[in-house]
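**Q** Below is the sequence, then the predicted model.
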Amino acid sequence: AQETATHIVQQLEHHNVSEIVCDAMLNEGLPAIMEPFVHYRTRKDFLEILKHTAPSIAKAFDKYIHRREIPAMVEDTDGAQHILIVGHGNVFRYFLLHALQLDTFAWGRFKLYNASITHLDIYDDGRVRVSHLNDTAHLPQH
């Protein structure tokens, strides 16, 4: 994801990115129990991986989505803060549901394509709006 983030920043119109942060809390993992449960090897394996990865994914949500207090923010002329997070589908599906205050057990019920863009607008008053979801229009068509 770090190499992808560097490539994306090079392609952005606005090159005033102050920093690229590589954060292990955003690593691929299992963020929460799935309902309905879909076997991941075995239920025991799923629960073991969940035990190790879910706490860091939840901390990443608090850091990047809920509190939005990271040093690598780009200031816009309107005072908005823009944060680009490049990472993995399981993490983003969990983030999306949690930000919208939906049941996070449903994270396994939809797919995010590789290299897709999901854009959340998060306002200081707590409102959250999804303006792009699983958008792949920027990718060349085959």
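**A** Great, that's in hand.

**Q** Please make it C-alpha for all contacts and neighbour counts, starting now.
**A** Fine.

**Q** Pull up the gap between the residue nearest the centre of the chain and Gln141, please.
**A** Centroid-nearest residue in the chain, with CA atoms, centre = their mean: Phe92, separated by 3.3 Å. To Gln141, Phe92 is 24 Å away according to CA to CA, to the nearest Å.

**Q** State the distance from the closest residue in space to Leu100 that isn't next to it in sequence to Gly89.
**A** Once flanking residues are discounted, Leu100 sits nearest to Val128: 6.4 Å by CA to CA, 6 or more residues apart in numbering. Using CA to CA, Val128 is found at 19 Å from Gly89.

**Q** Just checking, which helix or strand succeeds the lowest-mean-pLDDT helix or strand in the chain along the chain?
**A** Using mean pLDDT, DSSP states H and E, strand 74-75 stands out as the lowest-scoring helix or strand of the chain, at a mean of 48. Next along the chain after strand 74-75, taking DSSP states H and E as the criterion, comes strand 81-82.

**Q** partners of that next one, with directions?
**A** Applying DSSP bridges, strand 81-82 is found paired with strand 74-75 (antiparallel).

**Q** Could you spell out the sheet neighbours of the top strand by length along the chain, each with its direction?
**A** The longest strand of the chain (DSSP state E) is strand 128-135. When pairing is defined by DSSP bridges, strand 128-135 lines up against strand 117-122 (antiparallel).

**Q** List the buried residues in the strand it pairs with.
**A** Neighbour counts over strand 117-122 (16 or more other CA atoms under 10 Å) mark 117-118, 120, 122 as buried.

**Q** Equivalent analysis for stretch 91-104, please.
**A** Neighbour-count burial for stretch 91-104, counted by 16+ other CA under 10 Å, picks out 91-96, 98-100, 104.

**Q** Quick one: the helices in the chain, in order.
**A** Remark: helices assigned in the chain by DSSP state H are 2-11, 43-61, 89-99.
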